[in-house]
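>>> here is my input; please provide its structure:
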Amino acid sequence: PPSAAQARTMLGQIDERSEGSSDGYSRDKFPHWISQGDNCNTREVVLKRDGDGVETGTNCYPTRGSWTSPYDGATWTDPSDVDIDHVVPLAEAWRSGASGWTQSKRQGFANDLTTAQLLAVTDNVNQSKGDKDPAEWMPSRTSYHCTYARIWIWVKHEHGLNADPAEKSALSRALGTC
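From the prediction side, this is the model:
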């Protein structure tokens, strides 16, 4: 992710707008876990990237390894205990400008491996986060707030998404922990 100073600059460049409507939103409008080549889908690529000692079968699914969630610090050895989190949730993206995107652009967002948009995290922590923005949810590990804010800002900035006033305020506070 960008440095805290770069993230502050990027945050200032993100359009501030009230959050849009969820009307018309569906996860199906963000095709995810697409093929990334070598028999691997996006989820499997992130599991390999974010894990330690990951070994995979011929189908690319991990057969062993461990994953430490940056959100809560928990370590898992069963890949089914790990979710791949969209740091900026798909529904949040929809309400922040993705509703006007093409299906192809939404697919690119949902499978973005160039920013830190996708992270391997504890499954129930990801489920508790849901589609909340940083004004409503931050990782339980306060030491990760700076990194989380930098990633969130990076993703929104790179994809041209907007942010509501409470979200921008929460991100600014989180950058203050850097």
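
>>> got the buried residues for the longest strand seen in the chain?
Taking DSSP state E as the criterion, the chain has its longest strand at strand 62-68. Residues of strand 62-68 classed as buried by neighbour count (16 or more other C-beta atoms under 10 Å): Pro62, Gly65, Trp67, Thr68. Using the backbone N, CA and C atoms, a C-beta is placed for each residue, glycine as well.

>>> nearest to Leu119, of these?
Closest approach to Leu119 among these (C-beta to C-beta): Trp67, at 9.9 Å.

>>> OK, contacts around that closest one?
Leu47, Asp50, Gly51, Asp52, Thr75, Trp76, Thr77, Pro79, Val82, Ala120 (C-beta atoms under 8 Å, 6 or more residues apart in numbering).

>>> please redo it, this time with the cut-off set to 6 Å
Gly51, Trp76, Val82, Ala120 (C-beta atoms under 6 Å, 6 or more residues apart in numbering).

>>> which of the residues you listed tops the neighbour count?
Among the contacts of Trp67, Val82 has the most neighbours (other C-beta atoms under 10 Å), with 27 neighbours.

>>> residues contacting that residue?
For Val82, counting by C-beta under 6 Å, 6+ apart, the contacting residues are Trp67, Trp76, Ala120.

>>> before we move on, back to that, and the longest strand of the chain, average pLDDT?
Confidence for strand 62-68, expressed as mean pLDDT, is 97.

>>> partner strands of it, with direction?
strand 52-56 (antiparallel), strand 75-76 (antiparallel) (DSSP bridges).

>>> most tightly packed of those strands?
Greatest average neighbour count among these goes to strand 75-76 (a mean of 15), per mean count of other C-beta atoms under 10 Å.
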